[in-house]
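**Student:** sharing a model that was predicted from the sequence below.
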Amino acid sequence: MEERLSSRINLNGIGMTSQRTRERLLGRLMEQGITSMEVLDIMRSTPRHIFLDEALAHRAYEDVALPIGYSQTISQPYIVARMSEIVANSESLESVLEIGTGCGYQTAIISKIAKKVYTIERIKPLLDRARRNLKLLGIRNVEFRHGDGSLGWSENAPFDAIITTAAPQTIPDELYQQLSPKDGRLVIPVGGDDQQDLKHIVKSGDQIQIDNLESVRFVPLLTGQVYN
Ligand code: SAH
């Protein structure tokens with residue numbers, strides 16, 4: 001009945017969202033040093049254009065962050081790959097907490113690496129959109145929460161990994177506490193509005209090891225919630 005299948009619901013993509021355009025992005029990720037075949041394969045098979053408004057879908061396979069409304073962005077594919085790669089290195093990934101669901105792109109990638117993903121977003125309409133996007137992709141191992149992710153999600157702690165896709169000025173204590181003591185990994189941008197350090201923290205027992213990975217630019221981690 002509907003001749004003109006919207007590119008949003010066409011999972012395979014057409015034109016600027018075609019498989020060939022996606023392969024070009026994969027090449028770029030490898031050039032930039034992404035080596036995990038697991039992550040690259042997941043990025044290849046996860047359409048990014050369905051996470052964007054129709055007007056921006058043609059730019060989905062450019063390696064850039066793009067607006068998703070509410071002054072927020074979908075993360076740059078390179079950053080999504082990088083954060084996923086760090087987490088994928090971990091031996092057992094039963095459960096991962098993601099803070100800052102946005103439209104759910106990173107969530108979708110992580111859902112293929114971990115058995116269970118818990119994701120928190122403070123802006124309700126974005127969380128609802130992420131829920132719809134993941135449903136469209138048939139992803140079922142994700143639990144969503146509308147709330148302030150800087151408090152973590154204590155009911156489901158400890159987590160094998162925590163990924164934060166919004167930047168605090170300092171790392172909230174709750175996140176350290178909710179990390180598994182058995183090599184739990186936290187990947188988090190830390191710093192001011194213009195630029196932050198992407199940090200990789202590993203917790204073993206009472207020990208905390210912190211590595212600075214690279215300079216990044218994320219939206220800030222904010223407190224409070226937005227309902228509509
Ligand atoms: N993970 C997304 C990136 C979204 S941008 C992707 O894959 O594209 C970061 C998101 O963090 C925004 O949607 C923003 O609303 C959210 N955010 C900011 N502070 C937050 C907080 N304290 N708790 C939960 N989400 C927060």
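**Tutor:** Okay, I see it.
**Student:** which residue, other than its chain neighbours, is closest to the residue minimising distance to the centre of the chain?
**Tutor:** The centre of the chain sits closest to Q106, judged by Cα atoms, centre = their mean, with a distance of 2.5 Å. The spatial neighbour of Q106 that comes closest, neighbours along the chain excluded (Cβ to Cβ, 6 or more residues apart in numbering), is V80 at 5.0 Å. C-beta coordinates here come from the backbone N, C-alpha and C atoms, glycine included.
**Student:** tell me who's in contact with the one you found.
**Tutor:** For V80, the contact set (Cβ atoms under 8 Å, 6 or more residues apart in numbering) comprises 43, 105-106, 109.
**Student:** the residue nearest to the centre of the chain should be in a helix, yeah?
**Tutor:** Yes - the assignment for Q106 by DSSP: H, G, I helix; E, B strand; the rest coil puts it in a helix.
**Student:** how many neighbours does V142 have?
**Tutor:** Number of residues near V142 (other Cβ atoms under 10 Å) recorded here: 22.
**Student:** I should have written R44 there, sorry.
**Tutor:** By other Cβ under 10 Å, neighbour count at R44 equals 14.
**Student:** how about the secondary structure of it?
**Tutor:** Going by three-state DSSP: R44 is helix.
**Student:** which residue comes closest to it once chain neighbours are left out?
**Tutor:** Closest residue to R44 apart from its sequence neighbours, by Cβ to Cβ, 6+ apart: L26 at 5.6 Å.
**Student:** element containing that neighbour?
**Tutor:** helix 19-31 (DSSP states H and E).
**Student:** before we move on, back to that, pLDDT at the residue nearest to the centre of the chain, what is it?
**Tutor:** At Q106, the model reports a pLDDT of 98.
**Student:** V216 and G184: what is the separation?
**Tutor:** Between V216 and G184 the computed distance is 21 Å (Cβ to Cβ, to the nearest Å).
**Student:** and the contacts of the helix holding L26?
**Tutor:** 12-13, 15, 40, 43-44, 61-63, 77-78, 81.
**Student:** what residue ranges in this structure score low on pLDDT?
**Tutor:** 1-9, 13-17 (pLDDT under 70).
**Student:** which parts of the protein are helices?
**Tutor:** 19-31, 37-45, 77-88, 105-111, 124-136, 173-177 (DSSP state H).
**Student:** and of the ones you listed, who's closest to the ligand?
**Tutor:** helix 105-111 (3.2 Å; Cβ to the nearest ligand atom).
**Student:** how about the CA coordinates for that closest one, as CSV?
**Tutor:** Provided in CSV are the C-alpha atoms of helix 105-111 (Å, rounded to 0.1, in the frame of the first residue of the first chain):
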residue,chain,number,x,y,z
TYR,A,105,22.2,4.3,19.2
GLN,A,106,25.0,3.4,21.7
THR,A,107,22.4,1.4,23.6
ALA,A,108,21.7,-0.7,20.5
ILE,A,109,25.4,-1.4,20.0
ILE,A,110,26.0,-2.3,23.6
SER,A,111,22.9,-4.6,23.7
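**Student:** interface residues of this protein facing the ligand?
**Tutor:** Residues of the chain that fall close to the ligand, judged by Cβ under 6 Å from any ligand atom: 72-75, 80, 99-103, 105-106, 120-123, 126, 148-150, 165-166, 219, 221-223.
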